[in-house]
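Asks: sequence first, predicted coordinates after that:
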Amino acid sequence: MPFRLNLTLGLALVSLVILGAVFAPLLTAHDPILDADLMNSEMPPSWDHWFGTDSQGRDVFSRVLYGARVSLTIGIVAQAINSTIGIALGLSAGYWGGWWDDVVNGLTNLMLAIPSLVFALAIMAVLGPGVVSLLIALGLTNWSWSCRITRSAVMSLKTQGYVQAARTLGYGDIRIMLTQLLPNIVGPVLVMATLGIGEAVLAEAALSFLGLGIRPPAPSWGNMLTDAREAIRSVPWATIFPGLAVFVTVLGFNLLGDGVRDWLDPRMQVRA
């Protein structure tokens with residue numbers, strides 16, 4: 001069925017990228033930074049250099065693998081920050097309502113009105129390039145959808161009988177939100193988090209491409225594309241393989257998110 005295909009293919013692609021990042025030292029004998037050999041620069045793909053070499057003689061394959069570590073770490077940590085902010089605001093706004101709900105709603109609408117990449121660019125311009133700045137920028141710019149979905153789910157669940165029973169038993173508001181409401185909205189939150197990792201990986205690549213992300217010579221798919229753009233005609237492999245890595249990773253997380261969403265949907269289970 002389509003949702004099984006999405007789930008399987010997405011899981012396979014994401015697993016491939018993760019395994020490549022984890023086992024990078026075993027998959028390549030070349031150091032992504034130190035093994036620069038100008039005598040072998042701009043070499044096409046070969047048995048010794050599977051993805052060829054760049055303009056500084058560094059092995060593109062090793063830099064793609066080690067770049068996966070950077071991109072996945074940034075993507076996962078940034079999305080964890082986004083999800084934490086969005087869930088906390090959505091839970092509290094949906095449960096308490098009132099003026100706090102109005103404040104969170106207004107802040108959410110404001111964030112949705114500003115393109116996330118533009119907001120991240122503004123933060124990076126103030127903080128400067130670097131891993132910490134990148135995490136702050138990406139972690140503060142994409143929480144609004146998680147907040148909105150969480151809030152909507154909580155507003156429909158807080159009137160259920162089990163919530164009223166917990167309140168009767170003397171549960172406090174925080175305990176009710178964490179033990180009664182949060183476990184019942186894990187599904188949609190998990191889907192948003194999975195899709196958000198792909199978006200964060202793409203945003204990290206874009207910011208690094210613009211020179212506001214990971215600083216060279218540390219390998220990052222974005223700064224690899226920056227280094228290779230001037231020689232894209234003569235050394236196309238130095239651009240193609242980092243670009244493919246971004247494409248495969250984002251596609252994998254998108255398919256995985258779609259597959260998880262359909263898998264958690266009872267209607268899709270009935271069709272299957």
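Replies: Nice, I can see it. Numbering: from 1, shown residues only.

Asks: please enumerate the helices of this protein.
Replies: All helices of the chain, identified by DSSP state H, fall at 2-22, 24-27, 60-96, 98-113, 116-127, 131-139, 144-157, 161-168, 173-176, 186-209, 221-228, 237-264, 266-271.

Asks: using JSON lines, lay out those helices together with distance to M39.
Replies: C-beta: built from backbone N, CA, C; applies to glycine. Formatted as JSON lines, the helices of the chain follow (distance: least, Cβ to Cβ, whole Å):
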{"stretch": "helix 2-22", "distance to M39": "28"}
{"stretch": "helix 24-27", "distance to M39": "24"}
{"stretch": "helix 60-96", "distance to M39": "16"}
{"stretch": "helix 98-113", "distance to M39": "51"}
{"stretch": "helix 116-127", "distance to M39": "37"}
{"stretch": "helix 131-139", "distance to M39": "32"}
{"stretch": "helix 144-157", "distance to M39": "50"}
{"stretch": "helix 161-168", "distance to M39": "70"}
{"stretch": "helix 173-176", "distance to M39": "64"}
{"stretch": "helix 186-209", "distance to M39": "28"}
{"stretch": "helix 221-228", "distance to M39": "19"}
{"stretch": "helix 237-264", "distance to M39": "17"}
{"stretch": "helix 266-271", "distance to M39": "57"}
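
Asks: tell me the most buried of those?
Replies: Of the helices of the chain, the one with the most neighbours on average (mean count of other Cβ atoms under 10 Å) is helix 221-228, at a mean of 24.

Asks: which secondary structure elements does that one contact?
Replies: For helix 221-228, the elements it packs on are helix 60-96, helix 186-209, helix 237-264, judged by 3 or more Cβ pairs under 8 Å, 6 or more residues apart in numbering; DSSP states H and E.

Asks: hang on, the earlier thing: of all the helices of the chain, which one is nearest A36?
Replies: Minimum separation from A36 across these (Cβ to Cβ) falls at helix 60-96, 10.7 Å.

Asks: what distance separates that closest one from the centre of its chain?
Replies: Distance of helix 60-96 from its chain centroid, counting by Cα atoms, centre = their mean, to the nearest Å, is 5 Å.

Asks: same check, this time on stretch 94-113
Replies: With Cα atoms, centre = their mean, you get 24 Å for stretch 94-113.

Asks: distance to G130 and mean pLDDT added to the helices and strands packed on helix 221-228, as CSV?
Replies: What follows is these, written out as CSV (distance: least, Cβ to Cβ, whole Å; pLDDT from 0 to 100):
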stretch, distance to G130, mean pLDDT
helix 60-96, 11, 91
helix 186-209, 11, 88
helix 237-264, 20, 87
